[in-house]
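Undergrad: below are the sequence and a predicted model; questions follow.
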Amino acid sequence: MLDLSAITRRLKEPPVRAVRFLMILGLCAPFLASLAAQSPIRIGQTVTGRLTIADQAFNDGSRYKMYAFVGNKGDTVAVDLMSDDFDANIVVADASGNALVRNDDSGENCNARLTYVLPQAANYRVYANSSAPAELGEYRLALARGRAAAASDTVCRGFGRVAGLIQMGQTVTGNLTANDPEFPGDSTYFQRWILPVTPNQAFTVDLESSEFDAYIILTRGRGDKLVENDDGGGGCNARLVYTTPDDHPLRVVVNTASRPPRQTGHFTLRVTDGESPTEAKGNCRFTGSGGAAPSRPNAAPAATAPTASRTISVGQTQQGSLSRNDVLLTSDSSYAQAWTIQGRAGTTVTIDLESDEFDAYLFLRGPGISGGRDFQDDDSGGNCNARLTAIFPQTGDYEVVVNTAGKYATGAFTLSITTGSKPKSVARCSRSQ
């Protein structure tokens, strides 16, 4: 049985993996044998593949591909299943589909690995499987002779419980409850939904609820955050727009704003083709059981943004202080301070804003930028710091605007700009203001 206490997740959730009963394979073996297409694999061979919507699924909703191999009595075989798109799971079975051995996380980084001594000369099956229902994506399966190397770390971080599958053009309804996993950093519940995509596909995700202040996060398989939104759908509804660089499946995280904590309720989740307009500034004044919950800023202020009087260059780090002498943005009662940077078209930079005294928020203004989540950030630097990776659309002067997520917040900060991209933190801000 799976040791739940050994599992933690990126996105800072507690162990949530449900115990899976794959031994049911033996009960439905004749049915599976008649339906499942087998692909051959030899001992000593490595194959690549992809779990798709068209693949067969076990009774728990997890999809699989089945491979057949021949082994001799007493042969020791090592099986590895590796994927960055889903939490890998291996099942080795006899020719009738009766499960003999399985493994989930012994291959490090949520990959699966097992060693098995074949009990007799016979035909066998190995199932390339996911650990959660609805998971899809690419994998690599290796079947070798001998014992598998012991993993240095078998703790799985980055995947987690999956609520279901949503496809382009589809609308689903659900309920966020206290039984869903919780971000301990800000005491909000969340659900993950798998979204299959194609390369260069532009789409819009809408999360609507009359019972909680909606918040969406879009991630890759291992939990790497791509984009997030709070009130872009108008009112307290969330809307994000994204264009895919490839066809790796994504995860839509249904979530709530952090104030009041532990919001629950009914929601509608919708994914549509194309780019829909987003609200430039949320006007949410959600009132739940915990009272009013002002949403965090999620867009650049309009034309009233401050004129820059400070400069910074790529490769520099500057110290500064946000004070009441800076411009007060009337849209959300936050102070803002602008820094000028010379941008070159096509250049990728990462801007980091760090402060121990306020919840950092930054955005980029300039030629070719019309607003939107691609040029602003709140918490991607971790610990309530901001990190924005952006590509300059044109050559010219841009403004990096130092801002806060809270009203009237001030204090010292560090602003730095480096060439290239840096990973985003998936941790939600939990620092008390």
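TA: Sure thing, it's come through.

Undergrad: any idea of the mean pLDDT for the helix or strand hosting Thr418?
TA: For Thr418, the element it lies in under DSSP states H and E is strand 411-419. The average of the pLDDT scores along strand 411-419 is 95.

Undergrad: cool, and stretch 138-145?
TA: 98.

Undergrad: list the helices and strands the stretch of helix or strand Asn255 belongs to packs on?
TA: For Asn255, the host element (DSSP H and E) is strand 250-256. Counting contacts by 3 or more C-beta pairs under 8 Å, 6 or more residues apart in numbering; DSSP states H and E, strand 250-256 packs against strand 171-176, strand 188-189, strand 191-195, strand 214-219, strand 265-273. From N, CA and C alone the C-beta is placed, and that goes for glycine too.

Undergrad: figure out which of those is closest to Ile43.
TA: strand 191-195 (32.6 Å; C-beta to C-beta).

Undergrad: Ser62 against Ala128, yeah?
TA: No. When contacts are counted by C-beta atoms under 8 Å, Ser62 is not listed as touching Ala128 (10.8 Å).

Undergrad: higher neighbour count, these two?
TA: Neighbours per residue (other C-beta atoms under 10 Å) separate Ser62 from Ala128, with Ala128 holding more: 28 against 23.

Undergrad: so what's the backbone phi/psi at the more buried one?
TA: phi -80, psi 110 (degrees, to the nearest 10).

Undergrad: which residues sit in contact with it?
TA: Taking C-beta atoms under 8 Å, 6 or more residues apart in numbering, we find Ala128 in contact with 49, 51, 64-67, 81, 88, 90, 139, 141.

Undergrad: neighbour-wise, which of those residues leads?
TA: Ala88 (31 neighbours).

Undergrad: what sits against it?
TA: So Ala88 contacts 81-82, 104, 107, 110-112, 128-131, 139 (C-beta under 8 Å, 6+ apart).

Undergrad: of these, which belong to strands?
TA: Those of these mapping onto strands are 81-82, 112, 128-130, 139, per DSSP state E.

Undergrad: next, count neighbours for Thr395.
TA: Neighbours of Thr395 using other C-beta under 10 Å come to 14.

Undergrad: what of Gln120?
TA: The burial count for Gln120: 11, using other C-beta under 10 Å.

Undergrad: my guess is it contacts Lys73. True?
TA: Yes. Counting by C-beta under 8 Å, Gln120 does reach Lys73; the two are 4.8 Å apart.

Undergrad: how close does Gly71 get to Asn237?
TA: When distance is defined by C-beta to C-beta, to the nearest Å, Gly71 is 56 Å away from Asn237.

Undergrad: same deal with Pro199?
TA: Separation of Pro199 from Asn237 (C-beta to C-beta): 29 Å.

Undergrad: before we move on, what about Gln167?
TA: From Gln167 to Asn237 the distance is 21 Å (C-beta to C-beta).

Undergrad: more neighbours: the two, which one.
TA: Asn237 (24 against 12).

Undergrad: pretty sure the more buried one contacts Glu208?
TA: Yes. Contact criterion C-beta under 8 Å: Asn237 and Glu208 qualify, at 4.5 Å.

Undergrad: what about this structure, any weak spots by pLDDT?
TA: 1-37, 280-309, 331, 370-374, 431-433 (pLDDT under 70).

Undergrad: where do the helices sit along it?
TA: Ranges of helices in the chain, per DSSP state H, are 29-35.

Undergrad: in space, not sequence, find me the middle residue of it.
TA: Thr219 (2.3 Å; C-alpha atoms, centre = their mean).

Undergrad: ok, back up a step: partners of the strand holding Asn255, with directions?
TA: strand 191-195 (antiparallel), strand 214-219 (antiparallel) (DSSP bridges).

Undergrad: related to what we said a few turns ago, between the contacts of Ala88, which is closest to Ser380?
TA: Closest to Ser380, out of all of the contacts of Ala88 and judged by C-beta to C-beta, is Cys110, at 22.4 Å.

Undergrad: alright, calling it a day.
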